[in-house]
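Peer 1: following is a predicted model, sequence given first.
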Amino acid sequence: MRVAVIQLAYTDSEPMGARIERVASLVESQKGADLVVLPELWSAGGFDYPAWNEKAQSVEGTVARALSEAAANVGAFVHAGSIIEKPGEKGPEGRGLWNTSLMFDRDGDLVGTYRKIHRFGFGNGEPKLLEAGEEVIVLDLALGDRAGGAMAAEVAADDGAVCDPANTEACVEASQSEWAMGAELAGVNLDGDMSTSSEVDDAPAASVADDARGGAAAPDGHVKVGLSTCYDLRFPELYRKQVDAGAQVFVIPAAWPAARIAAWRTLLQARAIENQVFVIACNTAGTHAGTEMGGNSAIVSPTGEVLAEAGRGERTITLDIDLDDVAATREAFPVLSDRRL
């Protein structure tokens, strides 16, 4: 499966309409990708709390329409990051706003949403302004037949140039250790246009026979993708529920600040290692609302190896991952089957 992670940078001076147009164009440029991922709240501003109500919209609003069209034009599944969702009715806490992720299929149809469960702010920010999501979401994406190929990795810099993974100093603001590449992975070309979503309230523990107790295995040509957002990353029980529902990949958009980027990188690897899944994490770059973003979007293997990392500026990671590595890792080191709780 070819994944494109767009680490977007933006400032307070960029109008929302111009940003939406720019992002849609970036998505449409990812020809050949099977899955394109954007960061959290890129349209509303991850830390621009005062603007959230004004920039809130429904899951059929301007962001959704633009990314639906972009997904259809590029022919890829598109995780559109998240929006401040305002559906028109109040929630249990009377606020009526949610931090909601959107997933579109290759035809531009909305095939899944996820409302962020864990709100960041310690009583302020998200907890003060937003409703909490309640449903654990795992999507079953029907991608089509698999075909082998060599692993490829690229990082596109701000000017669109493609960086050579063997010479990252030229255009990636990260050390070679931050840009560790897995030389053994095989690429997968995937086609198809069907997907379904599952909502997991209390996913029961799967049997050992189900992919080494990682939940029911996805049918051939499908991938099960667990959705979460930013601060959720600090709550491992959410990801264990996703893996019990069969997740092979965790997709995590974020607006994670530079001040806590060491925790971000550690937690991404931890979630991959303990659940033996691929982690696809798309963070924000730049500075907005007085907060410097941390960047360092990454793709992490089921063994915890950082296969690609974006550094600090606006970048696009493109990487082919072999979904069969999930089952192979669980078979070779069946830690999930030793669970007691």
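Peer 2: Looks like it came in fine.
Peer 1: any stretches of the stretch 151-300 of the chain with poor pLDDT?
Peer 2: Where the stretch 151-300 of the chain drops to pLDDT under 70, the residues are 151-213.
Peer 1: any chance you could map the helices in it?
Peer 2: Secondary structure of the stretch 151-300 of the chain (DSSP state H, counting those that start in this stretch): helices located at 236-244, 261-275.
Peer 1: reformat those as JSON lines; add mean neighbour count and distance to residue 251.
Peer 2: Every residue, glycine included, has its C-beta placed from N, CA and C. Output for the helices of the stretch 151-300 of the chain, formatted as JSON lines (neighbours: other Cβ atoms under 10 Å; distance: least, Cβ to Cβ, whole Å):
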{"stretch": "helix 236-244", "mean neighbour count": "20", "distance to residue 251": "10"}
{"stretch": "helix 261-275", "mean neighbour count": "19", "distance to residue 251": "11"}
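Peer 1: so which of these gets nearest residue 285?
Peer 2: Residue 285 sits nearest to helix 261-275 of all these, at 11.2 Å, using Cβ to Cβ.
Peer 1: okay, angle between the closest one and helix 236-244 too, please.
Peer 2: Computed by axes from the mean of the first three to the mean of the last three Cα atoms, to 10 degrees, the angle separating helix 261-275 from helix 236-244 equals 40 degrees.
Peer 1: for helix 261-275, packing partners?
Peer 2: Counting contacts by 3 or more Cβ pairs under 8 Å, 6 or more residues apart in numbering; DSSP states H and E, helix 261-275 packs against helix 236-244, strand 249-253, strand 278-282, strand 298-300, strand 306-309.
Peer 1: what does that helix contact?
Peer 2: The set of residues external to helix 261-275 that reach it, using Cβ atoms under 8 Å, 6 or more residues apart in numbering, is 214, 233-234, 236, 239-240, 242-243, 247, 250, 252, 254, 256, 277-279, 281, 283, 294-296, 298, 300-304, 306, 309, 335-336.
Peer 1: filter these down to the buried ones and hand me the PyMOL line.
Peer 2: Buried members of the contacts of helix 261-275, defined by 16 or more other Cβ atoms under 10 Å, are picked up in PyMOL with:
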select buried, resi 214+233+239+240+242+243+247+250+252+254+256+277+278+279+281+283+294+295+296+298+300+301+302+304+306+309+336
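Peer 1: which one, of the helices of the stretch 151-300 of the chain, ends up nearest to residue 28?
Peer 2: The nearest among the helices of the stretch 151-300 of the chain, by Cβ to Cβ, is helix 261-275 at 27.4 Å.
Peer 1: any idea how far stretch 27-44 is from the middle of the chain?
Peer 2: 10 Å (Cα atoms, centre = their mean, to the nearest Å).
Peer 1: what does stretch 322-341 give?
Peer 2: 22 Å.
Peer 1: now it: buried residues?
Peer 2: For stretch 322-341, by 16+ other Cβ under 10 Å, it's 322-323, 325-327, 329-330, 336-337.
Peer 1: returning to that earlier point: in a markdown table, list the helices and strands packed on helix 261-275 along with distance to residue 260.
Peer 2: What follows is those, written out as a markdown table (distance: least, Cβ to Cβ, whole Å):
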| stretch | distance to residue 260 |
| --- | --- |
| helix 236-244 | 17 |
| strand 249-253 | 15 |
| strand 278-282 | 14 |
| strand 298-300 | 15 |
| strand 306-309 | 16 |
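Peer 1: what about these, which gets the closest to residue 58?
Peer 2: That would be strand 249-253 among the helices and strands packed on helix 261-275, by Cβ to Cβ, at 18.9 Å.
Peer 1: who's in contact with that closest one?
Peer 2: With Cβ under 8 Å, 6+ apart, strand 249-253 has contacts from 35, 37-40, 79, 81-82, 101, 223-230, 232-233, 239, 242, 268, 271-272, 275, 277-283, 323, 326.
Peer 1: just checking: what are the partner strands of it?
Peer 2: In the sheet, strand 249-253 lines up against strand 222-227 (parallel), strand 278-282 (parallel) (DSSP bridges).
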